[in-house]
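Engineer: Model the following, please.
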Amino acid sequence: MSETAPLRIGVLASGRGSNFEAIVHAVASRAIPGAVVAVLISDRADAPALAIARAHGVEPIAIDARDHPGREVHDKAIADALEERNVGLVCLAGYLRLLGRDFVRRFADRVLNIHPSLLPAFPGLHAQRQALEYGVRVAGATVHFVDEGTDTGPIVLQAAVPVHAGDTEASLSARILAEEHRIYPEAVRLFAEGRIRFDGRRVQIVETA
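Structural biologist: As a prediction, this is how the structure comes out:
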């Protein structure tokens with residue numbers, strides 16, 4: 001991205017916003033050059049992520065799902081707000097609502113998500129619990145593009161996390177989260193630098209844009 005046209009990032013979050021904060025720190029430290037976090041949008045007016053946004057000087061917006069009945073109506077309100085702010089990349093950071101077809105097509109190949117498993121294993125909610133119940137020896141985190149399925153989009157980066165004999169859902173989640181905070185900003189950096197190419201559903205990372 002040029003200095004006169006930085007990549008404007010919009011983040012969607014429903015809860016605490018720790019991955020959002022990791023991206024904000026990476027942008028502020030110029031670990032993600034040529035980018036700015038333009039807005040944080042939450043579907044919950046009481047989401048802690050909104051307070052984090054205010055603390056870092058990022059515009060916070062609550063578009064409460066209860067005020068916009070129906071997924072299409074809610075999705076459109078969010079999409080309109082993102083486009084009004086010229087957002088070029090949308091990052092889901094603990095956003096707990098499924099995005100509909102119209103939203104995904106409107107921002108095709110410009111929506112990233114972080115998921116706490118090595119996809120395609122354990123999609124959907126409570127991935128860490130699923131991993132423990134299944135008895136896997138290795139769990140992890142995945143950054144992927146969002147398509148019209150549930151955690152089925154092309155994979156950008158993954159990180160493996162060993163499962164320990166005494167792990168609980170909380171202890172495993174904490175170690176996975178540390179990897180999420182590492183690989184999510186890295187994936188955003190690759191996008192900002194124009195280094196991501198698609199080969200079907202396979203993501204290729206090139207050396208230079």
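Engineer: Sketch out the low-pLDDT regions of this protein for me.
Structural biologist: Low-confidence segments of the chain, defined by pLDDT under 70: 1-4, 209.
Engineer: let's see 50
Structural biologist: Using pLDDT under 50 as the threshold, the predicted model of the chain has low-confidence ranges 1-2.
Engineer: Once you drop chain neighbours, what's closest to Phe122?
Structural biologist: Excluding the flanking residues, the one nearest Phe122 by CB to CB, 6 or more residues apart in numbering is Gln130, at 4.2 Å. (Glycine included, C-beta is placed from N, CA and C.)
Engineer: what helix or strand does that neighbour sit in?
Structural biologist: Using DSSP states H and E, Gln130 sits in helix 127-134.
Engineer: Output the contacting helices and strands for that helix.
Structural biologist: Contacts of helix 127-134 with other secondary structure elements, assessed using 3 or more CB pairs under 8 Å, 6 or more residues apart in numbering; DSSP states H and E, are made with strand 138-145, helix 169-192.
Engineer: mind listing the strands for this structure?
Structural biologist: When secondary structure is read from DSSP state E, the chain shows strands at 7-13, 35-42, 59-62, 89-92, 111-115, 138-145, 155-162, 196-199, 202-205.
Engineer: The residue nearest to Phe122: neighbour count?
Structural biologist: 18 (other CB atoms under 10 Å).
Engineer: Contact partners for it?
Structural biologist: Gln130 makes contact with 117, 122, 124 under the criterion CB atoms under 8 Å, 6 or more residues apart in numbering.
Engineer: can you pull the contacts of the first one?
Structural biologist: Ser117 is in contact with 123, 127-128, 130-131, 139-142, counting by CB under 8 Å, 6+ apart.
Engineer: try it again with 10 Å
Structural biologist: The neighbourhood of Ser117, defined by CB atoms under 10 Å, 6 or more residues apart in numbering, consists of 123-124, 126-128, 130-131, 136, 139-142, 151, 158, 161, 176.
Engineer: again with the last one
Structural biologist: Applying CB under 10 Å, 6+ apart to Gly124 gives the contacts 98, 115, 117, 130, 150-151.
Engineer: residues near Ala45, how many?
Structural biologist: By other CB under 10 Å, the residues close to Ala45 number 12.
Engineer: Disregarding residues adjacent in the polypeptide, which is nearest to it?
Structural biologist: In space, and not counting its chain neighbours, Ala45 is closest to Ala62: 4.2 Å by CB to CB, 6+ apart.
Engineer: Can you report how many residues neighbour that neighbour?
Structural biologist: As a measure of burial, Ala62 has 15 neighbours, counting by other CB under 10 Å.
Engineer: now do the one 10 residues further on
Structural biologist: A count of nearby residues for Glu72, using other CB under 10 Å, gives 13.
Engineer: number of nearby residues for the spatially closest residue to it that is not a sequence neighbour?
Structural biologist: Counting by CB to CB, 6+ apart, Gly100 is the residue found nearest to Glu72 once chain neighbours are left out, at 5.9 Å. Around Gly100 sit 17 other residues, with neighbours defined as other CB under 10 Å.
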